[in-house]
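Chemist: okay, structure incoming, though there's no sequence with it:
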């Protein structure tokens, strides 16, 4: 019986250590993500920094990494990015984060899409349409 309790205790300690390491690794952008998120980017660098969208970015995005500027992705890509970040925020074991409500998520998406660049093909089509008589 004593041996079983020791094994259970060791397994529990190992699981807690692994969960802590995973949470610690996710707290800062590193690896591939670090090259996309400029170090030191803050909410004041965002377009319309006093807007509700920028405030939501500061609250939800800055909890884990530098503030991602809207120019980081095209407008149609932001929906996938925000969905992926929601999953990461909800999966935190040791460091619970404020998870955006559905309304906040829609506001974040609208903010990022409003300020995101257009893909080159869409920008060229818009420019061509503007030049037509």
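Modeler: Cool, got the structure. What you see is a predicted model, and the numbers here were worked out from it, not measured in a lab.
Chemist: phi first, then psi, for residue 4.
Modeler: Per-residue torsions, residue 4: phi -60, psi -40 (degrees, to the nearest 10).
Chemist: hey, which helix or strand in the chain has the poorest pLDDT?
Modeler: Lowest mean confidence among the helices and strands of the chain (mean pLDDT, DSSP states H and E): helix 32-36, at a mean of 46.
Chemist: packing partners for the helix or strand just after it?
Modeler: Sequence-wise, the next helix or strand downstream of helix 32-36 (DSSP states H and E) is helix 52-56. Contacts defined by 3 or more CB pairs under 8 Å, 6 or more residues apart in numbering; DSSP states H and E place helix 52-56 against helix 102-115. Every residue, glycine included, has its C-beta placed from N, CA and C.
Chemist: from the chain's centroid, how far away is the helix it packs on?
Modeler: Mean C-alpha position of helix 102-115 versus that of the full chain (CA atoms, centre = their mean, to the nearest Å) differs by 12 Å.
Chemist: what's the average pLDDT for that helix?
Modeler: Here helix 102-115 scores 95 as its mean pLDDT.
Chemist: mind listing what's buried in that helix?
Modeler: 104-105, 107-109, 111-113, 115 (16 or more other CB atoms under 10 Å).
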